[in-house]
Every structure is written in structure tokens, then in C-alpha cells.
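Novice: quick one, fold the following:
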Amino acid sequence: MLNFINAKNKTSITAVSIALLLVLPLVLQTGGNAWVRIADTALLYVLLALGLNIVVGYAGLLDLGFVAFYAIGAYMFGLLASPHLTTQFPMLAAIFPNGLHMPLWVVIPAAAGLAGIFGILLGAPTLKLRGDYLAIVTLGFGEIIRVFLNNLDHPVNITNGPKGLSQIDPIHFYGVNLGKPAHLFGYEIASVTLYYYLFLVLVLVSIVICHRLELSRIGRAWMAIREDEIAAKAMGINTRNMKLLAFGMGATFGGVSGAMFAAFQQFISPESFSLMESVMIVAMVVLGGIGYLPGVILGAVLLSALPEILRYVAGPLQAMTGGRLDAAILRQLLIALAMIIVMLMRPRGLWPAPERGKSLQTKTN
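Specialist: Okay, here's the model as predicted:
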């Protein structure tokens, strides 16, 4: 009977949460599209954090170059859905006289597949590395991808270098153009609101996938590797394949998120994929609760939305100091201070996994 009541409560909470998420952009839209854009960005970071959580949270592999897969997905979408390649290569222009505008069901799998391949290529030479050494290698991989994107504009212009790619197509499917407002029963739904619903669907699908992975044999194998790799290998787990699978699966999430970012912004450049982006994504996973889906989602939402919300706080504080403090520096200071306070008060994250908490309390007692 108690299990039935708990299941009923969970169903009710889930239904109410989905209803609130569906109404949220319509409410935010009344205050301006900027607030909806913040929600869109938060959903993109949730998607990224879910992907990194597979590598860091489930398999215990510290990856500081995750932004590279984000960049790969973004540039794959940008190249296949913009006039850049047909402008640079006359042969392609002859084949595609109307421009290279690949449909969504071609671009998204291509971005996910390419990012997954690069994830496996990153994982292959790092199979024997752990901890700080793995972090340094993945950090270097992320910087290598960014430098390549920044310099692949000569002798053959592929990425347009630091100028970036522009005129990227918005997402089209079933005759709906997410780059233009839609009208429903006389009510105008802004473009950023349409993107919000698309990102929300992707996040919900990703949550289901991550949850099923966590409960599967693969997920249990990842967690065994995270806790003790030697013991996992002794129990017959193929640690090499499991690690490669973790890198590949996590990278596909980054590739899809990058493709969505390119379609949403309709402009990308190497500056969008700096080291700080990787650090922020790792911070989202750790701050929320490493390895626990609700905590990861909470951390991603807070760390992606907090900097934008603090813009409205930093301005008045700058005015109070007579303009002696720069608003951008003050905003970063407030973010860093908030993160330090949270990690001191909640060292295991804002919403840690209850199983880990119970085991730690048992060992302490």
C-alpha cells in the first residue's frame, strides 16, 4: 500500500513539474524574450551536464575537455546548414546549387556520430590514465580542438577561423521554422519559446536515457569501475570497452547540444568553446551532485542561469561603489563567492545521491 502511495505521489509530482515547465516560457515571455533565452541556455547546459555526468559521474573519469565535443557538434551543424562550404568549394556549389541546407534528421545524427567517434578517439589513448593525469590529457584535447577550429581557415578555408560561421539555418521540421514566431489561436509564440520546447523534449529524452543507463548492466559496470577499477576487472568487467563506451556516449550528448547551440545562435566561433566552458560544465556536475541526475540538473540550471540573473544585481552594486568596480568582474566575483559557500556548506553537492550519503553515514558510525 505504501509503495502504491509513493508511486502515485511520484506520478503526481512528475505531471505537475511537466505542466509547470510547459507554462514557464509563456510566463517568462511576458517579461521579454531575454528571460526565455536564459531558460533556453539553461536547458542546453543541462543537456551538456547530463552527457558529462556519464563520463565523470557514472564511470569516474575526470574529463576537462568535454567542450571539444560541444564544438564538434556545433561546427558539424554549422557546416552542413550554412552557405560556407558551397561558397568555398565550387564543386559542392555545383552539386547543391541552392546551398547546402541539410535537414534536421541528417545533421543531428551526423553531429552526434562525429562527436561520439572523437570521444572514442580521446578515450583510446587514455585507458590507463586516471585522476590528474587523465584531466591533463583531456584538457589538452579540448584546447587542441579549439586551436584547430581557430586555424582551419588556410590554406583551405574550412571553419572560417576566428571569424566564425554565420548565416546558419534555424531548425526546420514538418514545415515549422523555429527561427520565426508561430501563431496559435491568435497568440504569438516567439522563436526563443519554440526553441525552448525543442530543448525541453531533448532534455526529457536524455534524462530517460541516462536513467535507464544507470539502472542497466552497463551503468552498474561503469559504477564498479568508478569505485574500484581493479576489483571491477577481477569480476570480469571489460574495463577497456566500458571506458570507451562512456567516452563515446557522453560525447554524443555534447554533439547534439552543440548542434542545437549552433541552430539557436545561428553563429558560432572558437571563442564560444574555451576552457572556461569545460570548467563550468564540470562545476555544474560537481556542484549539483556528481552521479545523481536530479543534482546534475539542479547544478546545471543554477550555474547557467545565475550569471545572467546576477547581471541585474551587479549593476546596482557598481552604482553603489561610484563605478569603481567593473560590473562584469563584480558578477564573476559573486558567482565564485556563491560557489565557495555552497561547497563549504554542502561538500557532496546541493542534491547528492542518497545512497552515497547512507553509505558514508554507515561508515562514519
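
Novice: who does A182 form a beta bridge with?
Specialist: Bridge pairing for A182 (DSSP bridges) gives the partners I189.

Novice: quick one, what contacts it?
Specialist: V176, E188, I189, L194 (C-beta atoms under 8 Å, 6 or more residues apart in numbering). For the C-beta atoms, the positions are set from N, CA and C on the backbone; glycine is no exception.

Novice: which among those count as buried?
Specialist: Buried members of these, scored by 16 or more other C-beta atoms under 10 Å, are I189, L194.

Novice: could you dump the contacts of A182 into TSV with distance to S304 and pLDDT added?
Specialist: Converted to TSV, those look like this (distance: C-beta to C-beta, whole Å; pLDDT from 0 to 100):
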residue	distance to S304	pLDDT
V176	26	79
E188	26	81
I189	23	86
L194	20	93
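
Novice: pick the one among the contacts of A182 closest to A262.
Specialist: L194 (16.2 Å; C-beta to C-beta).

Novice: okay, now the nearest residue to that closest one once chain neighbours are set aside: neighbour count?
Specialist: With sequence-adjacent residues excluded and distances taken as C-beta to C-beta, 6 or more residues apart in numbering, L194 is closest to L178, at 4.5 Å. L178 has 21 neighbouring residues, counting by other C-beta atoms under 10 Å.

Novice: what are the phi and psi values at L178?
Specialist: Dihedral angles of L178 (phi, psi; degrees, to the nearest 10) stand at phi -70, psi -10.

Novice: what sits against it?
Specialist: P170, I171, H172, S191, L194, Y195, L198, A263.

Novice: inside helices: which ones of those?
Specialist: S191, L194, Y195, L198, A263 (DSSP state H).

Novice: quick one, domains of the protein?
Specialist: For the chain, the structural domains run 1-30, 34-274, going by automatic domain parsing.

Novice: let's have those in CSV, adding distance to L287.
Specialist: Below are those laid out as CSV (distance: least, C-beta to C-beta, whole Å):
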stretch, distance to L287
domain 1-30, 21
domain 34-274, 10
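
Novice: buried deepest among these, which one?
Specialist: domain 34-274 (a mean of 19; mean count of other C-beta atoms under 10 Å).

Novice: need the contacts of L178 in TSV with distance to L184, can you?
Specialist: Below are the contacts of L178 laid out as TSV (distance: C-beta to C-beta, whole Å):
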residue	distance to L184
P170	18
I171	18
H172	18
S191	14
L194	10
Y195	16
L198	15
A263	21
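
Novice: for the stretch 251-365 of the chain, just list every one of the helices.
Specialist: Remark: helices assigned in the stretch 251-365 of the chain by DSSP state H, counting those that start in this stretch are 275-288, 293-309, 311-320, 327-345, 354-364.

Novice: can I get those in JSON lines with distance to K243?
Specialist: Converted to JSON lines, the helices of the stretch 251-365 of the chain look like this (distance: least, C-beta to C-beta, whole Å):
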{"stretch": "helix 275-288", "distance to K243": "18"}
{"stretch": "helix 293-309", "distance to K243": "20"}
{"stretch": "helix 311-320", "distance to K243": "40"}
{"stretch": "helix 327-345", "distance to K243": "28"}
{"stretch": "helix 354-364", "distance to K243": "21"}
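
Novice: circling back: tell me which of the ones in helices among the contacts of L178 is nearest to I72?
Specialist: I72 has its nearest neighbour among the ones in helices among the contacts of L178 in A263, at 14.9 Å by C-beta to C-beta.
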